[in-house]
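Engineer: Only the shape, not the letters, is given here:
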Ligand code: UGA
């Protein structure tokens, strides 16, 4: 099939590259000419494991190209994927400005009938709106059919997830278009769920909202466990073995962040408001998460009468491991609070430092390795569970720090590992371990 992909953000780029990998002829269109030039040279602007290899391979065999020119991008394409961003608007709803612009540019260049496939996360009903926008803008001899094909990729493992996902959701009110897009996706060899347009749109939001709910739920259980002397990790294992519950997304910690859960939970509440439906459960999920993000800072503050002049090593800044993304990272709020208290922060992250510099206070000092962050520190806090941080020997905390006190916002170590390490250890939803 001849496919165009509009937008080369993380979803668009992964979509374009993987569709070319399974044998389609793909042209990715992006208005950013510099980015297009870089991509045509085989250089990816984002870090995603396995992406550069597939990018280079498919550029070389001529199944993938990038252009900033819509006329060139639309030429002879049967299928056009919409993968532009839908950021959070001021009122919490999804901002559709980029969708509008992309639709109008497609309409101005399209010379043949095509199927429009929306991969961007859009509020329920948006695909019907997209259809009417095309009908308004296209000349009367050109027709488009609309399909919703939401993505379930995790940042950091997007290529793996594309080939190993649990399902592909394809929604349309047009059977022929639905079957064509099912055929396009057949080489991925994954179960396909076929739905109407609105149900597909809802599946995307409901999936993210449910995962966010699991996280807030376990965080609430963690806080209670801590009060009553239980260990939340064992509780999560114990309930997670029940297949009806499942262990995934039951890791207690400093709260969820990133570009999806915070934005999509708010957007779903906004979708409800538009039809006068309130969603108290989801509102609580967000409330619990907001509180959870400050828990590590609360614990630090509660343990010291005065933080002024104290050196704190901050290990991990990105919203999760294997990404340099700082969007809505809990580290933003936590570092701000500790600086307000007069602490001196020395931060290390394997890849997110450049992005962190753009969003954290200018007062944070950045270190090039864990050792230099820990050097002479009064305490350390872990905010991202990078493998490198989990593998760092516990004995080294004692060796480098003034006093080995560790606040672990991601429960990187078991209590057994900590026992006997000589570290005073505060974590989430588990008893405090005094140095011994
Ligand atoms: C999420 C979903 O997992 C993807 O399925 C979805 O496609 C994507 O959003 C999206 O809508 O584009 P992502 O935001 O990349 O993916 O990251 P996750 O791995 O889901 O983690 C999100 C946040 O939840 C992170 O801050 C992570 O630390 C936190 N988390 C996750 C927990 O606190 N506990 C857990 O058990 C799992």
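Structural biologist: Here it is on my side, so go on. Predicted model only: the values in this text are computed from it and were never measured.

Engineer: Show me where the stretch 101-250 of the chain has its strands.
Structural biologist: Applying DSSP state E, counting those that start in this stretch to the stretch 101-250 of the chain gives strands spanning 114-118, 144-148, 168-172, 192-195.

Engineer: what residue ranges in this structure are flagged as low confidence?
Structural biologist: Residues of the chain meeting the criterion pLDDT under 70: 436.

Engineer: so what's residue 382 bridging to?
Structural biologist: The partner list for residue 382 in beta bridges (DSSP bridges) reads residue 315, residue 408.

Engineer: Same list (the strands of the stretch 101-250 of the chain) but as a markdown table, adding mean neighbour count and distance to the ligand.
Structural biologist: Yep, even glycine has a C-beta here, placed from its N, CA and C like the rest. As requested, the strands of the stretch 101-250 of the chain are exported to a markdown table (neighbours: other C-beta atoms under 10 Å; distance: least, C-beta to the nearest ligand atom, whole Å):
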| stretch | mean neighbour count | distance to the ligand |
| --- | --- | --- |
| strand 114-118 | 25 | 14 |
| strand 144-148 | 24 | 14 |
| strand 168-172 | 23 | 11 |
| strand 192-195 | 16 | 15 |
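
Engineer: just so I know, which of those lies nearest residue 351?
Structural biologist: Smallest distance to residue 351 across these (C-beta to C-beta): 29.8 Å, for strand 168-172.

Engineer: Against which helices or strands is that closest one packed?
Structural biologist: Here strand 168-172 touches strand 144-148, helix 175-185, strand 192-195, helix 197-228, going by 3 or more C-beta pairs under 8 Å, 6 or more residues apart in numbering; DSSP states H and E.

Engineer: contacts for that strand?
Structural biologist: Strand 168-172 is contacted by residues 127, 145-150, 152, 178, 181-182, 185, 188, 190-201, 203-204 when judged by C-beta atoms under 8 Å, 6 or more residues apart in numbering.

Engineer: 7 Å instead?
Structural biologist: 146-150, 178, 181-182, 185, 188, 190, 192-197, 199-200, 203 (C-beta atoms under 7 Å, 6 or more residues apart in numbering).

Engineer: Give me the sheet partners of it and which way each runs.
Structural biologist: If you go by DSSP bridges, strand 168-172 pairs up with strand 144-148 (antiparallel), strand 192-195 (parallel).

Engineer: Distance of residue 140 relative to the ligand?
Structural biologist: As for residue 140, its distance to the ligand is 36 Å (criterion: C-beta to the nearest ligand atom, to the nearest Å).

Engineer: again with residue 112
Structural biologist: Counting by C-beta to the nearest ligand atom - residue 112 and the ligand are separated by 31 Å.

Engineer: Number of residues surrounding the closest residue to residue 426 other than its chain neighbours?
Structural biologist: Spatially, and ignoring its direct neighbours in sequence, residue 426 is nearest to residue 407 (4.7 Å; C-beta to C-beta, 6 or more residues apart in numbering). Residues near residue 407, counting by other C-beta atoms under 10 Å, number 24.

Engineer: try residue 39
Structural biologist: For residue 39, the number of neighbouring residues by other C-beta under 10 Å comes to 24.
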